[in-house]
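Asks: My questions are about this predicted structure, shown below with the sequence.
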Amino acid sequence: MKKQLALAVALAAASTSAAAYDKLSHSYVEAGFVHNQSELPVVAPSNISVEDMKANGGFINGSFAVGEKFYVFGGYSKAKDDSVGIRVTGLGQVGEFEVDAQQGHAGIGYNHKLSDRVEWTGEVSYLRTKFEVETRGFRDSAEGDDYRASIGLRGNLAANFEGWIKANYTDGDMYDKEFSGTLGGLIKFNDSWGVVAEADLGSDQKQYRVGVRWSF
């Protein structure tokens, strides 16, 4: 929370600076590495517990500006954890299973300039999540639909560094009225290419992404 507050203050302060910075782009494609941490939707007896999933994989996201105020966005990620543990009270770990986690999302956003360097954003999006479980020849899956509303700040904190912060509310089949925060940053090599890092931090679901972004 302290880090989120510090970034919000920095973005707000940036709006008062007279320095010239490049325009914030809502048209880009990015791809890279994703790490998911999640409480799995498992129903089990009270003496049996399942470890949280910690899955690694890849992602691809994109956004496209529609006029000056609106943009559409979407993406897909796929990650895998080969060793989710099953524990029984008094016995410890008694087994493991494999989980494939997939999530796609699509939405629309609105941006409003606070200055040449800072804007606030509002977004609504749809999420489709699927978990596939396999152990000792047994296969099962859980999937569902969710909807998310987000509001945040985005701005150029330096000539080659862009940052953003968002507050999210997600509800539906896989998320139970979850509030989360998003922190992100982009190191720009030039007007087109950069390295992006982003974290979605919720109580039950967490996702970390690092990749390369091409803006256009």
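Replies: Structure received. Numbering: from 1, shown residues only.
Asks: Going by C-alpha atoms from here, please, whenever you check contacts or count neighbours.
Replies: Noted.
Asks: can you map out the strands along the protein?
Replies: Assigned by DSSP state E, the strands in the chain fall at 28-38, 48-50, 53-66, 70-88, 92-113, 118-135, 138-158, 161-172, 178-188, 193-202, 205-215.
Asks: The closest residue to residue 127 other than its chain neighbours bridge partners, please.
Replies: In this structure, residue 127 finds its nearest non-sequential neighbour in residue 105, 4.4 Å apart by Cα to Cα, 6 or more residues apart in numbering. As for beta bridges, residue 105 partners with residue 75, residue 127 under DSSP bridges.
Asks: Near residue 105, how many other residues are there?
Replies: Counted with other Cα atoms under 10 Å, the neighbours of residue 105 add up to 19.
Asks: what ranges of the protein fall below the confidence cut-off?
Replies: 1-22, 41-49, 85, 87-95 (pLDDT under 70).
Asks: ok, back up a step: OK, contacts around the residue nearest to residue 127?
Replies: Counting by Cα atoms under 8 Å, 6 or more residues apart in numbering, residue 105 makes contact with 74-76, 125-128.
Asks: Please apply the same query to residue 65.
Replies: Per Cα under 8 Å, 6+ apart, neighbours of residue 65: 25-27, 71-72.
Asks: And for residue 32?
Replies: 58-60, 209-212.
Asks: count of residues packed around the residue nearest to residue 193 when sequence neighbours are not counted?
Replies: Setting aside the residues directly before and after it, residue 193 is nearest to residue 214 in space (Cα to Cα, 6+ apart), at 4.8 Å. Using other Cα under 10 Å, residue 214 has 18 neighbouring residues.
Asks: go on, residue 58?
Replies: Considering only other Cα under 10 Å, residue 58 is surrounded by 18 other residues.
Asks: surely it meets residue 30?
Replies: No. With contacts counted by Cα atoms under 8 Å, residue 58 stays clear of residue 30, the gap being 10.9 Å.
Asks: So which of the contacts of residue 105 is surrounded by the most neighbours?
Replies: residue 127 (23 neighbours).
Asks: how much space between that one and residue 75?
Replies: The spacing between residue 127 and residue 75, counted by Cα to Cα, to the nearest Å, is 10 Å.
Asks: Now list whatever residues contact both of these two.
Replies: In contact with both residue 127 and residue 75: 104-106, using Cα under 8 Å, 6+ apart.
Asks: Using a markdown table, please lay out those together with distance to residue 169.
Replies: Formatted as a markdown table, these follow (distance: Cα to Cα, whole Å):
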| residue | distance to residue 169 |
| --- | --- |
| 104 | 17 |
| 105 | 14 |
| 106 | 15 |
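Asks: Just the closest of those to residue 170, please.
Replies: Comparing the shared contacts of residue 127 and residue 75 against residue 170 with Cα to Cα places residue 105 closest, at 12.2 Å.
Asks: circling back to that earlier point, farthest-apart pair in the contacts of residue 32, please.
Replies: Most distant of the contacts of residue 32, by Cα to Cα, are 58 and 212, 11.8 Å apart.
Asks: Mutual contacts of these two, please.
Replies: Joint contacts of residue 58 and residue 212 (Cα under 8 Å, 6+ apart) are 31-32.
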